[in-house]
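Engineer: Need a 3D model of the following:
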Amino acid sequence: MPFTFKQRLLDLLAIGRVSNLPTVWSNVLVGILAGYALHQYSQAGLPPLEQIAYHLLALLGATGAYLFGTFLNDWKDVPFDREHRPERPIPAGRFRRRTILLVALGFAIGSNLCFWCFSFRTFVVGLLLTALIILYTWFHKRTPLAIVPMGLCRMLLYVIGFVTMAEGPLLMLITTRGGPWTQVFGQLFYEPLVRSGLEVIVMGLGLAAYVAGLTLVARYESRPDGHRYPRAFLWFLLFIPLITHLWWTTLRLPLPPYDWSPAVIGILAAIPFVAWTIFALRNLGNSIPVFVSRTLAGICLLDLVAVAAITTAHPGNLIGGPGPFFLTPPDYPFEVFIQQPLLLGLFPLALFALALGLQKIAPAT
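Structural biologist: Just a heads-up that it's a prediction; the model follows:
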């Protein structure tokens, strides 16, 4: 029988796992905020609408990379799905396997073209993201170690958001200025972005651990041998981001005059993430897909912790941002987020709600 347009549309939404796109956008926005707050940024002086256009381009590139991964994953998993998940679009005959591959390649090309519009460094990070997506897709049914490239893919979303806004790259060559290695790799590695880059990388590693944990559980979704994932290791992976995201604002002693407000704000921002993750873990024994879906949406709550940490630890580096609270009325609508950066926490919260809403339309796994 012919398939309806509605059925095909729902299939495409399912193949694309579109309910997880808000978490991708949330990750990139954290990186963009870090580029603003932790270092000098390349888009300084542009009108607000032009800056927003740059942000949207970064989000578009990350969206393309994510959809490349989901479509490529369904193309690669056809032999497995024919045996274990015959209701999926390709095994059920609603889409040709070759068509899905061509769509995936189109997303990959579009994504990297978006990153090329920023800088050579951003383009290189985009290529690395594409390579990690391919690596995960090729090995994810073969070895549990595939959770590592999946986690690193999420980490690179922080990095991509950061490098689109920051003046420099994330690392510095250990060499003298003007040396031969500096001349060769100067476009990728140069001063002075070491400290700010390390903060982004540390937070990215926490995000990578969290995503690796939920990906490890997701491997057991279609397996008949039950829930035999290492529970203690899972808890470690899911909660280690509390250290990586808060160590530089909460877990280190404040200097005189002993302002504890960053620590208090960071802890308050962590409460929704902790509560939601524990809620998901308590229901893990009943349904792996439900657990994975909830923890995927919880990525936005982890980003809320990152936003609170960044805005309270580096308020003076935000555009015109002398502190986290209002000092003067905003001159234009977007300036409200400049003068009161803590309001940026509304973005991950809204994206969290959007992710949960989209899960009612398209499955997250």
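Engineer: where does the protein have low pLDDT?
Structural biologist: Judged against pLDDT under 70, the low-scoring parts of the chain cover residues 1-3, 38-48, 167-196, 221-229, 248-261, 314-342.
Engineer: quick one, helices of the stretch 151-300 of the chain?
Structural biologist: Assigned by DSSP state H, counting those that start in this stretch, the helices in the stretch 151-300 of the chain fall at 180-185, 194-218, 231-239, 241-246, 261-282, 288-297, 299-313.
Engineer: show me the contacts for residue 212.
Structural biologist: Remark: with contacts taken as C-beta atoms under 8 Å, 6 or more residues apart in numbering, residue 212 is in contact with 147, 148, 150, 151, 237. From N, CA and C alone the C-beta is placed, and that goes for glycine too.
Engineer: can you list these in JSON lines and add distance to residue 361?
Structural biologist: Shown next, in JSON lines, are those (distance: C-beta to C-beta, whole Å):
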{"residue": "147", "distance to residue 361": "27"}
{"residue": "148", "distance to residue 361": "31"}
{"residue": "150", "distance to residue 361": "24"}
{"residue": "151", "distance to residue 361": "26"}
{"residue": "237", "distance to residue 361": "29"}
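Engineer: Which element, helix or strand, includes the nearest residue to residue 103 once chain neighbours are set aside?
Structural biologist: For residue 103, the nearest residue in space outside its immediate sequence neighbours is residue 71; the separation is 5.3 Å by C-beta to C-beta, 6 or more residues apart in numbering. Under the criterion of DSSP states H and E, residue 71 resides in helix 48-76.
Engineer: Can you list the helices and strands that the helix or strand following that helix packs against?
Structural biologist: Secondary structure here is assigned by DSSP H and E; on that basis, the next helix or strand after helix 48-76 toward the C-terminus is helix 78-84. Contacting helix 78-84 under the criterion 3 or more C-beta pairs under 8 Å, 6 or more residues apart in numbering; DSSP states H and E is no other helix or strand.
Engineer: What is the subsequent helix or strand relative to helix 78-84?
Structural biologist: Following helix 78-84 in sequence order, the next helix or strand is helix 97-116 (DSSP H and E).
Engineer: Return the set of buried residues in that next one.
Structural biologist: Of all the residues in helix 97-116, those buried under the rule 16 or more other C-beta atoms under 10 Å are 100, 103, 104, 107, 108, 110, 111, 112, 114, 115.
Engineer: wait, isn't the last one in contact with residue 122?
Structural biologist: Yes: with contact taken as C-beta atoms under 8 Å, residue 115 and residue 122 are classed as touching, separated by 4.8 Å.
Engineer: can you list residues touching both of the two?
Structural biologist: Taking C-beta under 8 Å, 6+ apart as the criterion, residue 115 and residue 122 both touch 160, 164.
Engineer: returning to what we had before: for the helix holding residue 71, what is the distance to the chain centroid?
Structural biologist: Averaging C-alpha positions (C-alpha atoms, centre = their mean, to the nearest Å) puts helix 48-76 11 Å from its chain's average.
Engineer: Who are the packing partners of it?
Structural biologist: Packing partners of helix 48-76 (3+ C-beta pairs under 8 Å, 6+ apart): helix 5-15, helix 21-38, helix 97-116, helix 120-139, helix 147-165.
Engineer: and residue 26, how many residues sit next to it?
Structural biologist: Using other C-beta atoms under 10 Å, the number of residues around residue 26 comes to 28.
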